[in-house]
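Any chance you can model this:
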Amino acid sequence: MAYRAKHVRQRSGIKAVGVVAGLVVGALMAWGLYVARPDTPSAGAAASSQPTSTPTVSSVSPTPSIPSPIAVIPFDTSGPPSAELRLKLVKTIDGDISPKSVAASGTGLVFAQNMMYNDTVTVYDARGRLMHTISDAVRLSRFGFDRYPDVVRGSPVEAAFSPDGRTVYVSNYSMYGPGFPSPGHDSCSPADGHDRSFLFKIDVTTARIEDVIQVGSVPKVVATTPDGRYVLDSNWCSYDLSVSSTRTDREIERIPIGPYPRGIAIDDASRYAYVAVMGSTQIAKIDLRTFKVSWITDVGSGPRALVLSPDGRFLYATLNSSNAVAKIDLRTEEVVGRTTVGSEPRSMTIAPDGLSLYLVNYNSDTAMKIRARDMALLQTVQTGTDPIGITYEPMRDQVWISNYTGSIMVFDEVRPADA
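Model (predicted):
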């Protein structure tokens with residue numbers, strides 16, 4: 001009997017009504033466990049992901065070796081400012097993928113997290129060549145969790161790299177298999193008692209899982225502090241933030257946040273973390289010395305993705321339910337700019353020079369480039385169906401966009417006349 005349920009997703013994401021957002025979830029087609037699934041790729045992309053037998057642990061496909069990361073690539077300041085350039089599609093990557101997110105290492109690699117629909121993390125070099133396919137099958141007892149002796153599967157959601165680029169932490173929406181009777185759901189609360197999940201700690205050089213960290217229920221965004229001390233993740237269903245030690249690979253603090261925490265941004269001093277609370281109009285500000293929480297209020301409905309300007313002065317937030325992006329001055333903690341974008345803006349990234357923002361609009365099937373200075377819209381480009389993840393790859397100055405329905409698009413930054 002299949003140990004995970006089949007799920008069909010509606011395209012709509014979160015729609016906020018007042019302060020608390022209601023979730024529009026896909027219809028469940030129960031095969032055995034009656035578990036609803038999160039944002040699901042189209043039927044064609046998901047059809048091949050249903051397991052037919054007990055998984056085996058086989059972490060890495062036999063593909064070319066990954067070059068050892070030495071240092072994060074510094075930004076090349078010799079080129080034109082990013083706001084003077086425009087996006088041009090140069091490559092589309094497909095295959096057996098359903099990428100929820102893409103994350104650039106800064107050392108010439110991009111990791112794509114393919115959720116439970118493909119049960120993999122796929123690793124590409126900066127030219128878009130597939131280097132490795134990492135299975136999410138794992139025997140947790142190997143890492144000290146003796147109550148889970150059987151092989152189970154994860155569901156890779158998001159990824160974040162250590163400051164030196166040698167380690168990547170991958171969040172798993174839920175774990176599936178023996179010992180996990182209550183996997184997560186898109187519409188949930190702590191009272192539902194969904195299983196706790198795990199982060200995978202993956203060695204970037206070997207592309208192998210080297211440890212796991214147990215966190216809250218349905219971890220989403222993961223982020224590392226610039227000083228390398230902590231890895232943070234937002235737990236969607238337990239309404240909290242996990243703070244884990246990178247020295248012990250264990251959770252050391254759980255901080256209540258509120259309904260549907262999502263995006264995370266951390267300042268360069270590793271002093272403050274900002275967490276978007278998607279079921280509200282607020283952003284939590286966590287002091288990483290004391291773990292106390294204060295609030296940035298009235299930013300707009302459904303804050304989802306967060307990025308900081310390189311100088312740390314401004315925080316930018318996509319507003320999934322308001323179809324907008326907000327610019328927040330962190331000196332006053334007030335919104336100082338806002339621009340209307342497409343339907344259901346999801347992930348966002350920023351150019352290394354801080355002059356441009358890039359975001360994807362899930363329901364519009366578009367990506368946009370915004371000038372950070374005045375929040376002016378510079379460009380709109382068509383994407384594939386359901387664009388959901390985005391990252392800036394600094395070695396080639398390219399923007400990578402993941403379409404949940406099974407592809408990754410790579411865009412060059414070029415002069416407007418060449419776009």
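
Quick check: end-to-end length of stretch 236-243?
One end of stretch 236-243 to the other measures 14 Å (CA to CA, to the nearest Å).

which residues are contacting that stretch?
184-186, 188-190, 192, 194, 196, 213, 215-220, 230, 232-235, 251-262, 264, 273, 275, 284, 286, 288, 291 (CB atoms under 8 Å, 6 or more residues apart in numbering). C-beta here means a position set from N, CA and C on the backbone, and glycine is covered the same way.

at 7 Å what do you get?
Here stretch 236-243 makes contact (CB atoms under 7 Å, 6 or more residues apart in numbering) with 184-185, 188-190, 192, 194, 215-220, 230, 232-235, 251-261, 275, 286, 291.

Those residues in strands, which ones?
Per DSSP state E, strands hold the following members of these: 219-220, 230, 232-235, 251-256, 261, 275, 286.

What is the most widely separated pair among these?
Within the ones in strands among the contacts of stretch 236-243, K220 and I252 form the most distant pair, 19.5 Å apart (CB to CB).

With neighbour numbers in mind, choose between these two.
Each of K220 and I252 has its neighbours counted (other CB atoms under 10 Å); K220 has more, 24 against 12.

circling back to that earlier point, buried only: go through the ones in strands among the contacts of stretch 236-243 for me.
The neighbour-count criterion (16 or more other CB atoms under 10 Å) marks 219-220, 230, 232-235, 251, 254-255, 261, 275, 286 among these as buried.

Would you mind giving the residues you listed as CSV with distance to T332 and pLDDT added?
As requested, these are exported to CSV (distance: CB to CB, whole Å; pLDDT from 0 to 100):
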residue, distance to T332, pLDDT
P219, 32, 98
K220, 28, 98
Y230, 27, 98
L232, 25, 99
D233, 29, 98
S234, 25, 98
N235, 30, 98
E251, 33, 98
R254, 30, 98
I255, 24, 98
P261, 24, 98
V275, 19, 98
I286, 19, 98
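
Identify, from those residues, the entry nearest to S343.
For these, the nearest to S343 is K220 (20.5 Å; CB to CB).

can you tell me how far that closest one sits from D365?
From K220 across to D365, the span is 22 Å (CB to CB, to the nearest Å).

next one: S343
From S343 to D365 the distance is 9 Å (CB to CB).

again with Y176
Counting by CB to CB, the gap from Y176 to D365 is 30 Å.

which one of those two has more residues nearby?
Using other CB under 10 Å as the criterion, Y176 and D365 rank with Y176 on top: 25 against 18.

What's opposite the more buried one in the beta bridge?
Assessed by DSSP bridges, Y176 has beta-bridge partners R153.

ok, it touching Y148?
No. At 11.7 Å, Y176 and Y148 do not qualify as touching, with contact defined as CB atoms under 7 Å.

Mind listing what's buried along stretch 321-338?
Buried, per 16+ other CB under 10 Å, within stretch 321-338: 321-328, 330, 335, 337-338.

actually stretch 308-321, sorry about that
If you call a residue buried by 16+ other CB under 10 Å, then stretch 308-321 has these buried ones: 308-310, 314-321.

Run through the stretch 51-200 of the chain and note the low-pLDDT ranges.
51-77 (pLDDT under 70).

Please, where are all the helices along it?
Using DSSP state H, counting those that start in this stretch, the helices of the stretch 51-200 of the chain run over 115-118.

So the most centrally placed residue in the chain versus F145, what's the distance?
Centroid-nearest residue in the chain, with CA atoms, centre = their mean: E158, separated by 3.4 Å. According to CB to CB, E158 and F145 sit 22 Å apart.

what's the burial count for the nearest residue to P80 once chain neighbours are set aside?
Spatial nearest neighbour of P80, chain neighbours left out: R415 (7.7 Å); criterion: CB to CB, 6 or more residues apart in numbering. Neighbours of R415 under the rule other CB under 10 Å: 11.

Need the phi and psi values for R415.
Dihedral angles of R415 (phi, psi; degrees, to the nearest 10) stand at phi -60, psi 150.

Then D418?
Dihedral angles for D418 - degrees, to the nearest 10 - are phi -100, psi 0.

so what's it up against?
K88 are the contacts of D418 under CB under 7 Å, 6+ apart.

any idea how far it is from V204?
Here the criterion is CB to CB. By it, D418 lies 33 Å from V204.

ditto for L130
According to CB to CB, L130 stands 15 Å off from V204.

Could you check which of the two is surrounded by more residues?
V204 (23 against 16).

Hmm, the more buried one is touching S162, no?
No. V204 is not in contact with S162 according to CB under 7 Å; the separation is 8.5 Å.

mind listing the strands for the stretch 301-419 of the chain?
Counting by DSSP state E, counting those that start in this stretch, the stretch 301-419 of the chain has strands at residues 303-308, 314-319, 324-329, 334-340, 345-350, 356-361, 366-371, 376-382, 387-393, 398-403, 407-414.

wait, which of these is closest to K88?
Comparison of these against K88 by CB to CB identifies strand 407-414 as nearest, at 4.8 Å.

Look at Y148 and say how many residues are nearby.
Y148 has 21 neighbours, counted by other CB under 10 Å.

quick one: the closest residue to it other than its chain neighbours from I264, how far?
Counting by CB to CB, 6+ apart, Y148 lies nearest to L140, which is 3.9 Å off, once chain neighbours are set aside. Using CB to CB, one obtains 25 Å as the distance from L140 to I264.

repeat for L130
Taken as CB to CB, the span from L130 to I264 is 28 Å.

and if you look at V335?
19 Å.

Next: S242.
For S242, the distance to I264 - CB to CB - is 11 Å.

V215 contacts V231, doesn't it?
No. V215 is not in contact with V231 according to CB under 7 Å; the separation is 9.3 Å.

Who has more neighbours out of the two?
Taking neighbours as other CB under 10 Å, V215 and V231 compare with V215 leading, 28 against 25.

which residues touch that one?
So V215 contacts 196-199, 233, 235, 242, 244, 251 (CB under 7 Å, 6+ apart).

And those residues, which is closest to Y358?
Taking CB to CB as the measure, Y358 sits nearest to D233 out of these, at 23.1 Å.

is W295 in a bridge, and if so with what?
A284.

quick revisit: what would the buried ones among the ones in strands among the contacts of stretch 236-243 look like in TSV with distance to Q379?
Listed next are these as TSV, based on distance: CB to CB, whole Å:
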residue	distance to Q379
P219	33
K220	28
Y230	36
L232	32
D233	32
S234	30
N235	35
E251	41
R254	41
I255	38
P261	31
V275	29
I286	34
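
And the closest residue to E210 other than its chain neighbours, its phi and psi?
The shortest distance from E210 to any non-neighbouring residue, by CB to CB, 6+ apart, is to D203 (4.9 Å). D203 adopts backbone torsions of phi -70, psi 120, taken as degrees, to the nearest 10.
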